[in-house]
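Visitor: Mind looking at a prediction? Sequence and model below.
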Number of protein chains: 2
Amino acid sequence: MISVVILGTGNVAQNLFEALIGTNDINIIEVVGRSDDSLSYFQRKSKVSTDWDNPPKADIYIIAVTDDAIKEVSDKINVSGLVVHTSGSVSLSTLSKHKKRGVFYPLQTFTSGKLIDFNEVPLCLETHRKKDFKILNTLGGKISSNVQVIDSEKRRVLHVAAVFVNNFTNYMYSIGNDICSASDLDFSILYPLIRETANKIEYLSPYSAQTGPAKRNDLDTLHKHLNFLKDKKQRAIYKLLSNAIKASNEKEL
Amino acid sequence: MISVVILGTGNVAQNLFEALIGTNDINIIEVVGRSDDSLSYFQRKSKVSTDWDNPPKADIYIIAVTDDAIKEVSDKINVSGLVVHTSGSVSLSTLSKHKKRGVFYPLQTFTSGKLIDFNEVPLCLETHRKKDFKILNTLGGKISSNVQVIDSEKRRVLHVAAVFVNNFTNYMYSIGNDICSASDLDFSILYPLIRETANKIEYLSPYSAQTGPAKRNDLDTLHKHLNFLKDKKQRAIYKLLSNAIKASNEKEL
């Protein structure tokens, strides 16, 4: 039996909570939050508390708060168990108050009110001391079938890559949405295309999957599209990305 | 019974063929291709031909060739049925040789060797003459549950939006892949994130779904990421997109 305290009440905390609470051999001792309100989600199924200074004894403390609050929480708690955070971009040394420290980074985007199937979430694990790894790995393996040893350097790389495939991709969706709205078109007409674009790269490398006017160097269409786009920001993005795609074609020759 | 001739043998032609051949009340009279080789996919299930000038009599002729070959094919064929092309960016007037002309644009990305469930593909239909619309609409309704009347102007808008959500998104995946490869990380660790990023916008608007360092104006992380990125093209894209996301935050204030 592994005992766990969750510190934090946001989307990551909620998703972790749901994954952990349904699992044999894991005991959620307590969820710590800033207010009764933020704890209301958890209180029917678990002990909750607003006392951040002295969480109860547990094997693992999962700090699932915003990046800039991790250090404050870590410095505050007096515990002897393994302390981990869940962030892709925060250094392991932020938890340096604790000899037993590590990272438990679920490489996924979490949305309020939408639970994720945690079994498919890649869990990137790291501990400061080798001997603390086993228990973290056991915990990870109980909720996900995709547990990976990822050190701080690789975690940083993954976080940058995630910014491209998640943040920037979502921003491409945003522009698509804006372009549709401006012409009274329902953005939902693009959902099947968006879904298939994501599916496709599990069969083909993104490089092979690249299509479109820039890829086939169709200058006429590129020109027409730039003529159509009036928004300065959209034009700049269209130009830069099309040129980048054209440049990768040339590399190929 | 609607009789159809397909002119072309590429990914769109293959996907259309599979969708149409399994459908009651539709008869594929012939598939026309440039060579026996390109027709081999079709010949076990249908009549095939390499004679582009005189396709057999049919209700609808679907020209499913590359954009720049549409005019040549349209000008070559002598037929009295409805002639449509399947392109998002080619004007309807390209088919002006034919009084009965239209567009049958499946808003999807098609990949060699990977069949799509056509029932979920949005079909954007348009005909030059009102009275030709009915038969095209009937044909569309038999293979897709998402048939839409989209005129040439809206089709052009959708095509620009599709470049952002498909071509540019795929390019973001490409950069993610390159970043992972350079650090010996398997790109597949990002698949669940990519899938969820695409799913999420069917619950939340892309604007509400936006997360990441630029969205939360986390200058420290932005700076670290730019320090990490050595590739000039990747840096330029990171900067431009982060600034665009930051600017949309400001609009919000």
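Guide: Ah, there it is. Numbering: from 1, shown residues only, chains lettered A, B, ... in the order given.
Visitor: Can you get me the start-to-end distance on stretch A:86-101?
Guide: End-to-end distance of stretch A:86-101 (C-alpha to C-alpha, to the nearest Å): 12 Å.
Visitor: where does the residue of the stretch 51-200 of chain A at minimum distance from chain B land in three-state SS?
Guide: For the stretch 51-200 of chain A, the residue positioned closest to chain B under C-beta to the nearest C-beta is A:Asn167, at a distance of 3.3 Å. C-beta: built from backbone N, CA, C; applies to glycine. Put simply, A:Asn167 is helix when judged by DSSP: H, G, I helix; E, B strand; the rest coil.
Visitor: swap in A:Leu125?
Guide: Three-state call for A:Leu125 (three-state DSSP): strand.
Visitor: List the beta-bridge partners for it.
Guide: When assigned by DSSP bridges, A:Leu125 has beta-bridge partners A:Phe104, A:Val149.
Visitor: How about the residue of the stretch 51-200 of chain A closest to chain B: what's its closest non-neighbour residue?
Guide: Taking C-beta to C-beta, 6 or more residues apart in numbering or on different chains as the measure, A:Asn167 lies nearest to B:Gly212, with 3.3 Å between them; neighbours along the chain are not counted.
Visitor: hang on, isn't the residue of the stretch 51-200 of chain A closest to chain B packed against B:Arg216?
Guide: No - the criterion here is C-beta atoms under 8 Å, and A:Asn167 misses it with B:Arg216 at 10.4 Å.
Visitor: Quick check on those two: which one has the bigger neighbour count.
Guide: The neighbour comparison of A:Asn167 against B:Arg216 (other C-beta atoms under 10 Å in any protein chain shown) goes to A:Asn167, with 22 against 16.
Visitor: Which of the residues in stretch A:190-202 are classified as buried?
Guide: Of the residues in stretch A:190-202, those with enough neighbours to count as buried (16 or more other C-beta atoms under 10 Å in any protein chain shown) are A:Leu190, A:Tyr191, A:Pro192, A:Leu193, A:Ile194, A:Arg195, A:Glu196, A:Thr197, A:Ala198, A:Asn199, A:Lys200, A:Ile201.
Visitor: And the contacts of that stretch?
Guide: Residues outside stretch A:190-202 that contact it (C-beta atoms under 8 Å, 6 or more residues apart in numbering or on different chains): A:173, A:176, A:180, A:209, B:107-109, B:111, B:114, B:116, B:120-122, B:146, B:158, B:161-162, B:165-166, B:169-170, B:173, B:188, B:191, B:194-195, B:197-199, B:201-202.
Visitor: Pull the helix or strand of chain A at the bottom of the mean pLDDT ranking out as CSV, backbone CA atoms only.
Guide: Within chain A, no helix or strand scores below helix A:232-252, which has a mean of 91 by mean pLDDT, DSSP states H and E. This file holds the C-alpha atoms of helix A:232-252, laid out as CSV (Å, rounded to 0.1, in the frame of the first residue of the first chain):
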residue,chain,number,x,y,z
LYS,A,232,-1.4,41.5,-40.0
LYS,A,233,-0.6,38.8,-37.4
GLN,A,234,-2.3,36.1,-39.5
ARG,A,235,-0.3,37.3,-42.6
ALA,A,236,3.0,37.2,-40.8
ILE,A,237,2.3,33.7,-39.5
TYR,A,238,1.2,32.5,-42.9
LYS,A,239,4.3,33.9,-44.5
LEU,A,240,6.8,32.6,-41.9
LEU,A,241,5.3,29.1,-41.8
SER,A,242,4.9,28.8,-45.5
ASN,A,243,8.5,29.9,-46.0
ALA,A,244,9.7,27.4,-43.4
ILE,A,245,7.8,24.6,-45.1
LYS,A,246,9.2,25.7,-48.5
ALA,A,247,12.7,25.7,-47.1
SER,A,248,12.3,22.1,-45.8
ASN,A,249,11.4,21.1,-49.4
GLU,A,250,14.6,22.6,-50.7
LYS,A,251,16.6,20.7,-48.1
GLU,A,252,15.1,17.5,-49.5
